[in-house]
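Undergrad: sequence-free structure coming up:
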């Protein structure tokens, strides 16, 4: 698979993502449901702690990717939902560190929402991955 970054402006690179990516020659595509800060029984964890919720959400996303034989570097798009966008942005260094370890800079969208499926959840991440 060949990934070609498309960045008509460079500002998004400073934030750790591409404006778009051209994907050619992929053989598998994985579309992940929104991952959140829940344990293996689906119980919400870390109420009122955005940083811990983001960390667990990323771990859960990595677990789903690994079950498909993929990793963070295979992500081609992220959609992030947050009940508090400012708190999410204050903790995006976690996302940057985890994605940065793999060199991944997929296009992404951050959306503010009034609530998620379970009231104590503060962040949810959907991903598309390809190999």
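TA: Arrived safely, thanks for sending. Being a predicted model, the structure only gives us computed values, none of them experimental.
Undergrad: where do the strands sit along the chain?
TA: 2-6, 20-24, 29-35, 75-82, 108-112, 123-130 (DSSP state E).
Undergrad: closest to residue 61 out of those?
TA: Smallest distance to residue 61 across the strands of the chain (C-beta to C-beta): 4.4 Å, for strand 29-35. (Glycine included, C-beta is placed from N, CA and C.)
Undergrad: Tell me the neighbouring strands of the closest one, and mark each as parallel or antiparallel.
TA: Strands flanking strand 29-35 in the sheet, each with its direction: strand 123-130 (antiparallel) (DSSP bridges).
Undergrad: next one: the strand it pairs with to chain centre, how far?
TA: Here strand 123-130 shows a centroid-to-chain-centroid distance of 5 Å under the convention C-alpha atoms, centre = their mean, to the nearest Å.
Undergrad: Could you give the average pLDDT over it?
TA: Per-region confidence: strand 123-130 scores 97 on mean pLDDT.
Undergrad: Also compute the angle for that strand relative to strand 75-82, please.
TA: Taking axes from the mean of the first three to the mean of the last three C-alpha atoms, to 10 degrees, one finds that strand 123-130 is oriented at 170 degrees with respect to strand 75-82.
Undergrad: got the angle between strand 123-130 and strand 108-112?
TA: Using the same axes, to 10 degrees, strand 123-130 lies at 160 degrees relative to strand 108-112.
Undergrad: hmm, back to that, could you export the strands of the chain as a markdown table, including distance to residue 64?
TA: Listed next are these as a markdown table, based on distance: least, C-beta to C-beta, whole Å:
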| stretch | distance to residue 64 |
| --- | --- |
| strand 2-6 | 20 |
| strand 20-24 | 19 |
| strand 29-35 | 5 |
| strand 75-82 | 11 |
| strand 108-112 | 17 |
| strand 123-130 | 8 |
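Undergrad: Many thanks, we can stop here.
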